[in-house]
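**Student:** take this sequence and fold it.
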Amino acid sequence: MRHYGWLTDEERRTLFHREPVEFDLDSEVTTLGTALGATLYMP
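**Tutor:** Numbers count the residues shown, from 1 in each chain. Predicted coordinates for the structure are as follows:
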């Protein structure tokens, strides 16, 4: 799922310290852990 898909590249660079990146089951464990942790704080 990609949020903020309507933003231009420049707008995303302004909003995010580090732009979101895609990940999947083959991604590094730390990336998956961070992504899972982030879901705990979503309403």
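**Student:** which intervals of the protein have sub-threshold pLDDT?
**Tutor:** Low-confidence segments of the chain (pLDDT under 70): 1-2, 42-43.
**Student:** show me the strands in it, by range?
**Tutor:** For the chain, no strands are identified by DSSP state E.
**Student:** tell me where it has helices.
**Tutor:** Applying DSSP state H to the chain gives helices spanning 9-15, 29-39.
**Student:** can you give the distance from the longest one to the centre of its chain?
**Tutor:** This points to helix 29-39. When distances are taken as Cα atoms, centre = their mean, to the nearest Å, helix 29-39 is centred 10 Å away from the chain's centroid.
**Student:** got the CA positions of that helix in CSV?
**Tutor:** Output in CSV follows, covering the C-alpha atoms of helix 29-39 (Å, rounded to 0.1, in the frame of the first residue of the first chain):
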residue,chain,number,x,y,z
VAL,A,29,14.6,-8.3,9.1
THR,A,30,15.2,-4.8,10.5
THR,A,31,13.1,-3.3,7.7
LEU,A,32,10.2,-5.7,8.3
GLY,A,33,10.4,-5.1,12.0
THR,A,34,10.2,-1.4,11.6
ALA,A,35,7.2,-1.8,9.2
LEU,A,36,5.4,-4.1,11.6
GLY,A,37,6.1,-1.8,14.6
ALA,A,38,4.7,1.2,12.6
THR,A,39,1.4,-0.7,12.2
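**Student:** give me the helices and strands touching it, please.
**Tutor:** Judged by 3 or more Cβ pairs under 8 Å, 6 or more residues apart in numbering; DSSP states H and E, helix 29-39 has no packing partners among the helices and strands. The C-beta positions use only the backbone N, C-alpha and C, and glycine is treated the same way.
**Student:** what about the residue lying closest to Leu7 once chain neighbours are set aside, distance to Leu36?
**Tutor:** In space, and not counting its chain neighbours, Leu7 is closest to Leu15: 7.2 Å by Cβ to Cβ, 6 or more residues apart in numbering. For Leu15, the distance to Leu36 equals 23 Å [Cβ to Cβ, to the nearest Å].
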